[in-house]
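Asks: pasting the sequence and the predicted coordinates here, then a few questions.
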Amino acid sequence: MDGMYTLFTALLNRSLTAAPLLLAAILVRPLLTRLSRRAMWILWVLTAVRLLLPAPRGPLSVFGFLGPAPADCWDVPFFRAVGLGVAPTLTLNLNGLAEGIGTATHAVVEPMRQPSAYLPPLMRIWALGVGVLAAWALVSCLLLRRRLSEAVHLWDNVWICDGIRAPFVYGLFRPKIYVPSGTDGACLPSVLVHERAHIRRRDYIWKPLGFALLALHWFNPLVWLGYALFCRDTELACDESVLRALDGEGRREYCEALLSLSDGRRTVLVHPVAFGETGVRERVRRAARYKKPARWAACLSVLLCAVIAMGFASVPAGGLTAGHRRTVGGSAVYTRADIESAMDEAERAFQMNFAGCVLRSLTYDEARYGKANDAWAESSGAAQAIVLTSDFYVIFGDGSLEERETYRNWQWILTRDDGPWTVITWGYG
């Protein structure tokens, strides 16, 4: 059961750390949908991946001011599960977050009381919400299948049905196109082109996955808004893929088909596993004004997605090194460039291996460690060796280092022959 508590806590942290990415996607949507609907759709997929999987580490993460993420979490730890096996409790990690901000801004942060709640009831409430949405999806699916049981096969994967009011694609393994029985024959070609574009883009798979994520993160209101906009933008992206191949007359017929199938209802969440039409008025307006995106617009949309991904979809890499102090003493052996390159390599090793820590200083003192340089070069069989010292602060530990402690004069041993410096060990000599 402790494993379930840990997974639930990780889900909460993942939902909160994905919230800025969701908010960024919502805010840039008006601009990005003008540049490229497909780019906006890709950003929604990236957001879904962020909600589902651990975040990659990146040097440009907006969460850098909160301190690095622990190695065993890969998400910023807003919540922590404590007392597992005895009295499992969910704790809001105010002290850890405050200390992360304090070390990044060099501010003094006083300890504060961390709100907590007994974990089992919270898990039951979450599970109840997931169960309600899952049951709703199942009932909606069964009711829809009952209506579709009377559908008549036209040709290929196209079926006509009396019990529906708008066309959609239904089915996960063998998707079929269902159209209302009253569909105008003149509009049918445009309708089929649109629905086949959904099948080509695998939208009949993406929406159920999106609904599954909504069920897992039902407590996050941004996920509800993001899911609704994702459904609408999926239709817009599909329209764009169809309109790109049409001339002016074809676009006019396409707009007429969209108007003819509008039923005046919002169907985003009516059938979670069927892909009905949504936002017809907005789509008609966009289709009537459609112009093929310029090359610069496509490049700008890709750049914007990349910036958002690097800033909001990643968590801080390992140890935090920004803002630390470097001290390069005089040397009769190494140039300043040699020492700086060794410090660069030590920083990379700190970022990779010291998750939950903040580097405060890095120093080279040849007067103190000159003999140690020679000793390490001889013992390692390298042409040259260099000893650097550092001070760093531990925010979150993995057990090998004491939390909320500053380690001083921590040594970094680097060697090289003809190539670049390599860190061979670290610790207290």
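Replies: Now that the structure is in, tell me what you want to look at. Numbering: from 1, shown residues only.
Asks: any low-confidence regions in the chain?
Replies: 1-5, 54-119, 184-187, 248, 256-294, 313-323, 396-399, 429 (pLDDT under 70).
Asks: next SSE after the longest helix seen in it?
Replies: Secondary structure of the chain read by DSSP state H shows that its longest helix is helix 2-35. Remark: after helix 2-35, the chain's next helix or strand is helix 37-52, criterion DSSP states H and E.
Asks: by contact count, what packs against that following helix?
Replies: In terms of contacts (3 or more Cβ pairs under 8 Å, 6 or more residues apart in numbering; DSSP states H and E), helix 37-52 is packed against helix 2-35, helix 203-216, helix 221-243, helix 295-312. C-betas here are computed from N, CA, C, even on glycine.
Asks: that helix versus helix 2-35: what angle between them?
Replies: Per axes from the mean of the first three to the mean of the last three Cα atoms, to 10 degrees, the angle that helix 37-52 makes with helix 2-35 is 170 degrees.
Asks: buried set for the longest helix of the chain?
Replies: By neighbour count with 16 or more other Cβ atoms under 10 Å, helix 2-35 contains the buried residues 5-6, 8-22, 24-25, 28-29, 32-33, 35.
Asks: how about stretch 208-215?
Replies: 208, 210-215.
Asks: including distance to residue 182, could these go into JSON lines?
Replies: Formatted as JSON lines, the buried residues of stretch 208-215 follow (distance: Cβ to Cβ, whole Å):
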{"residue": "208", "distance to residue 182": "28"}
{"residue": "210", "distance to residue 182": "30"}
{"residue": "211", "distance to residue 182": "28"}
{"residue": "212", "distance to residue 182": "33"}
{"residue": "213", "distance to residue 182": "35"}
{"residue": "214", "distance to residue 182": "32"}
{"residue": "215", "distance to residue 182": "34"}
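Asks: out of those, flag the one nearest to residue 359.
Replies: Checking the buried residues of stretch 208-215 against residue 359 with Cβ to Cβ, the nearest one is residue 213 at 36.2 Å.
Asks: now for the closest residue in space to that closest one that isn't next to it in sequence, how many residues are close by?
Replies: In space, and not counting its chain neighbours, residue 213 is closest to residue 51: 5.2 Å by Cβ to Cβ, 6 or more residues apart in numbering. By other Cβ atoms under 10 Å, 22 other residues sit near residue 51.
Asks: quick one: contacts for residue 51?
Replies: Neighbour list for residue 51: 14-15, 18, 213, 216-217, 223 [criterion: Cβ atoms under 8 Å, 6 or more residues apart in numbering].
Asks: do that again at 7 Å, thanks
Replies: Residues in contact with residue 51 (Cβ atoms under 7 Å, 6 or more residues apart in numbering) are 14-15, 18, 213, 217.
Asks: now for those residues: which two are most distant?
Replies: 14 and 213 (10.7 Å).
Asks: hang on, the earlier thing: now flag whichever of the buried residues of stretch 208-215 is closest to residue 126.
Replies: The closest of the buried residues of stretch 208-215, once distances to residue 126 are taken by Cβ to Cβ, is residue 215, at 10.4 Å.
Asks: and the helices in the stretch 251-400 of the chain, which stretches?
Replies: 280-288, 295-312, 336-353, 366-380 (DSSP state H, counting those that start in this stretch).
Asks: quick one: the second one to helix 37-52, angle?
Replies: On the basis of the same axes, to 10 degrees, helix 295-312 is oriented at 10 degrees to helix 37-52.
Asks: keeping just the C-alphas, turn helix 295-312 into CSV.
Replies: Extracted C-alpha coordinates of helix 295-312, given in CSV (Å, rounded to 0.1, in the frame of the first residue of the first chain):
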residue,chain,number,x,y,z
ARG,A,295,7.1,29.5,-44.1
TRP,A,296,8.1,32.1,-41.5
ALA,A,297,4.9,31.3,-39.6
ALA,A,298,5.7,27.6,-39.5
CYS,A,299,9.2,28.4,-38.3
LEU,A,300,8.0,30.8,-35.6
SER,A,301,5.4,28.3,-34.4
VAL,A,302,8.1,25.6,-34.1
LEU,A,303,10.4,28.0,-32.2
LEU,A,304,7.6,29.0,-29.9
CYS,A,305,6.7,25.4,-29.1
ALA,A,306,10.4,24.6,-28.4
VAL,A,307,10.8,27.6,-26.0
ILE,A,308,7.6,26.5,-24.1
ALA,A,309,8.8,22.9,-24.0
MET,A,310,12.2,23.8,-22.7
GLY,A,311,10.9,26.2,-20.1
PHE,A,312,7.7,24.5,-18.9
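Asks: which strands and helices sit next to that helix?
Replies: helix 2-35, helix 37-52 (3 or more Cβ pairs under 7 Å, 6 or more residues apart in numbering; DSSP states H and E).
Asks: out of those helices, nearest to residue 165?
Replies: Closest among those, once you apply Cβ to Cβ, is helix 37-52, at 24.9 Å.
Asks: okay, the closest one in PDB with CA atoms only?
Replies: The C-alpha trace of helix 37-52 is given here as PDB (Å, rounded to 0.1, in the frame of the first residue of the first chain):
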ATOM      1  CA  ARG A  37      -3.200  24.700 -35.900                       C
ATOM      2  CA  ARG A  38      -1.000  21.600 -36.200                       C
ATOM      3  CA  ALA A  39       1.700  23.200 -34.000                       C
ATOM      4  CA  MET A  40      -1.000  24.000 -31.300                       C
ATOM      5  CA  TRP A  41      -2.100  20.300 -31.500                       C
ATOM      6  CA  ILE A  42       1.500  19.200 -31.000                       C
ATOM      7  CA  LEU A  43       1.700  21.400 -28.000                       C
ATOM      8  CA  TRP A  44      -1.300  19.700 -26.500                       C
ATOM      9  CA  VAL A  45       0.200  16.300 -27.100                       C
ATOM     10  CA  LEU A  46       3.400  17.500 -25.300                       C
ATOM     11  CA  THR A  47       1.200  18.600 -22.400                       C
ATOM     12  CA  ALA A  48      -0.400  15.200 -22.200                       C
ATOM     13  CA  VAL A  49       3.000  13.500 -22.200                       C
ATOM     14  CA  ARG A  50       4.000  15.800 -19.400                       C
ATOM     15  CA  LEU A  51       1.000  14.800 -17.300                       C
ATOM     16  CA  LEU A  52       1.600  11.100 -18.000                       C
END
